[in-house]
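Colleague: predicted model and sequence follow; I will ask about them next.
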Amino acid sequence: MPTRQVPTASSLPRLSAFLKVAGPGLVVMLADTDVGSLITAAQSGAKWGYSLLLLQALLIPILYIVQELTVRLGTATGRGHGELIRDRYGPVLAWISYGGLVVAGVGAIVTEFSGIAGIGDLFGLSRIVSLGLPAALLLLLVFTGSYRRVERVALVVGLFELVFIGLAVAAKPDPDAILKSFGQLPLGNGDFRVLIAANIGAVIMPWMIFYQQSAVVDKGLGWDHMRRARLDTLVGAVVSQCVMGAILVTAAATIGQSGQGTKDGLQTVGDLAKAFTPALGPLLGQVVFGVGIIAAAFVALNVVALALAWGFGDVTRRPHSLEKSPREAPAFYGIFAAAVIAGAVAVQLVSNLVALNIAVEVMNALLLPLALGLLILLATRALPEDKRLKGAYKWVVYTVSAVTIAFAMVGVLDGIGVI
């Protein structure tokens, strides 16, 4: 009779060592499943059933490969992404890269607040409360907390995103239909290709690159932490895509089955929430969906605004760290505050929240060549020889990146009517 395995004296220190390093990867991956990403996954399931579920699984190694490069750069150099670009290739290219971050970051922040506002509208809250309260909490957290405190709060809040996995189970998807969908990919359909691009853009975003590299630096991780930091990134990538897959499955089994996902049936976050309620009932379904959306939005707002603040400090060489007070790093905290406040105000002008989210993810796909190109260039040229991207793994990264960019660009061209 097999004996039950118990933690040994040697395994406990290893777990403790991992937990001390873990955080940047998990937080950025929880932020990756932001409002725009979740709505993109929901639209994918609503319109195309389970057909895009295979893509969510294929994106796990792609997501890991991209973010592993940021860990490599951060632990080996102790510098943020923008700072490394500036030091290696000059301020012009650094500002161009930061410009891409700003475009993606502003779009992301607006979508996060749009998601929170949509949930607030669903429960009859005024926009002043639904937008003002999370904005105030974010400012309080960052202006008064250290890096570790901000990270821990993000991890705790982000765990509430796992409710989407419970929603997927409650929706009772058809396993046979899921398996059949893997062989029924309508790649000849332009709308399907647009959603492929949107899903890629929903998973690989410029602000993730800036955030994780700066978080690694701010946390004080060095090359001796590299192995555990990679594991942190891998675990995060799996969790991220499980959440994305879960909401796609839930949408396919509920909205897709009822036909609500066709044409213009989903215009607001409220429409999505109501369509998810059959599995759990009207009230509980909306509450669970609302909790998941708010958690995803809060973590993503924190990550994106910090990425903008860290990136600005990188390219201007001004102090930029959560370990410094607002008085010591006024530009860093000023950019963070401006991003949060401007995003909350801008949402007052947004009408079609779902369409906005899809458009933002397609825009992220358009920025992929710039973001991945610079990331790979740094990983192959800017590191010490023994830490550079090289050998067979280098060609794996090249191939995966090229294929990902190609699929994303085809979808973008479909979206603007070129194809």
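Modeller: Structure received.

Colleague: tell me the spacing between residue 386 and residue 398.
Modeller: Distance, residue 386 to residue 398, using Cβ to Cβ, to the nearest Å: 20 Å. (Each C-beta comes from the backbone N, C-alpha and C, glycine too.)

Colleague: neighbour count: these two, which is higher?
Modeller: Between residue 386 and residue 398, residue 398 has the larger neighbour count (other Cβ atoms under 10 Å), namely 13 against 8.

Colleague: what does the helix or strand the more buried one falls within contact?
Modeller: Counting by DSSP states H and E, the element that carries residue 398 is helix 391-415. Residues from elsewhere that reach helix 391-415 (Cβ atoms under 8 Å, 6 or more residues apart in numbering): 61-62, 65-66, 69, 190-191, 193-198, 200-201, 204, 362, 365-366, 368-369, 372, 376, 379-380, 389, 419.

Colleague: tell me the mean pLDDT for it?
Modeller: Regarding helix 391-415, the rounded mean pLDDT is 81.

Colleague: same thing with stretch 192-209?
Modeller: Averaged over stretch 192-209, pLDDT sits at 83.

Colleague: which parts of it are buried?
Modeller: 192-209 (16 or more other Cβ atoms under 10 Å).

Colleague: the bottom helix or strand of the protein by mean pLDDT?
Modeller: Every helix and strand of the chain was ranked by mean pLDDT, DSSP states H and E. The lowest is helix 257-258, at a mean of 56.

Colleague: where does the stretch 101-250 of the chain dip in pLDDT?
Modeller: Across the stretch 101-250 of the chain, nothing is flagged by pLDDT under 70.

Colleague: ranges for the helices of it?
Modeller: For the stretch 101-250 of the chain, helices defined by DSSP state H, counting those that start in this stretch occupy the ranges 127-144, 147-158, 163-170, 175-181, 190-203, 206-218, 226-251.

Colleague: could you list the low-confidence segments of the stretch 301-419 of the chain?
Modeller: Residues of the stretch 301-419 of the chain that meet the criterion pLDDT under 70 lie in 350-361, 411-412, 414-419.

Colleague: and the gap between residue 332 and residue 306?
Modeller: 9 Å.

Colleague: correct me, but residue 141 touches residue 147?
Modeller: No - using Cβ atoms under 8 Å, residue 141 is not in contact with residue 147, being 11.6 Å away.

Colleague: the more surrounded of the two?
Modeller: Taking neighbours as other Cβ under 10 Å, residue 141 and residue 147 compare with residue 147 leading, 19 against 16.

Colleague: check contacts around the nearest residue to that one once chain neighbours are set aside.
Modeller: Using Cβ to Cβ, 6 or more residues apart in numbering and skipping the chain neighbours, the partner closest in space to residue 147 is residue 322 (4.1 Å). Residues in contact with residue 322, defined by Cβ under 8 Å, 6+ apart, are 142, 145, 146, 147, 150, 218, 306.

Colleague: and with 7 Å instead?
Modeller: 146, 147, 150, 218 (Cβ atoms under 7 Å, 6 or more residues apart in numbering).

Colleague: what is the three-state secondary structure of it?
Modeller: Under DSSP: H, G, I helix; E, B strand; the rest coil, residue 322 falls in the coil class.

Colleague: can you report phi and psi for it?
Modeller: With angles defined as degrees, to the nearest 10, residue 322 sits at phi -70, psi -10.

Colleague: report the separation between it and residue 397.
Modeller: For residue 322, the distance to residue 397 - Cβ to Cβ - is 30 Å.

Colleague: could I get the CA-only coordinates of the strand or helix carrying residue 340 as PDB?
Modeller: If you go by DSSP H and E, residue 340 is part of helix 330-346. Output of helix 330-346 as PDB, limited to C-alpha atoms (Å, rounded to 0.1, in the frame of the first residue of the first chain):
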ATOM      1  CA  PRO A 330       7.700  62.800  -7.300                       C
ATOM      2  CA  ALA A 331       7.700  62.100 -11.100                       C
ATOM      3  CA  PHE A 332       7.200  58.300 -10.500                       C
ATOM      4  CA  TYR A 333       4.200  58.800  -8.200                       C
ATOM      5  CA  GLY A 334       2.900  61.700 -10.300                       C
ATOM      6  CA  ILE A 335       2.800  59.500 -13.400                       C
ATOM      7  CA  PHE A 336       1.000  56.800 -11.500                       C
ATOM      8  CA  ALA A 337      -1.600  59.100 -10.100                       C
ATOM      9  CA  ALA A 338      -2.200  60.900 -13.400                       C
ATOM     10  CA  ALA A 339      -2.700  57.500 -15.200                       C
ATOM     11  CA  VAL A 340      -5.200  56.300 -12.600                       C
ATOM     12  CA  ILE A 341      -7.200  59.600 -12.300                       C
ATOM     13  CA  ALA A 342      -7.200  60.200 -16.100                       C
ATOM     14  CA  GLY A 343      -8.500  56.700 -16.800                       C
ATOM     15  CA  ALA A 344     -11.300  57.000 -14.300                       C
ATOM     16  CA  VAL A 345     -12.400  60.300 -15.800                       C
ATOM     17  CA  ALA A 346     -12.100  59.100 -19.400                       C
END
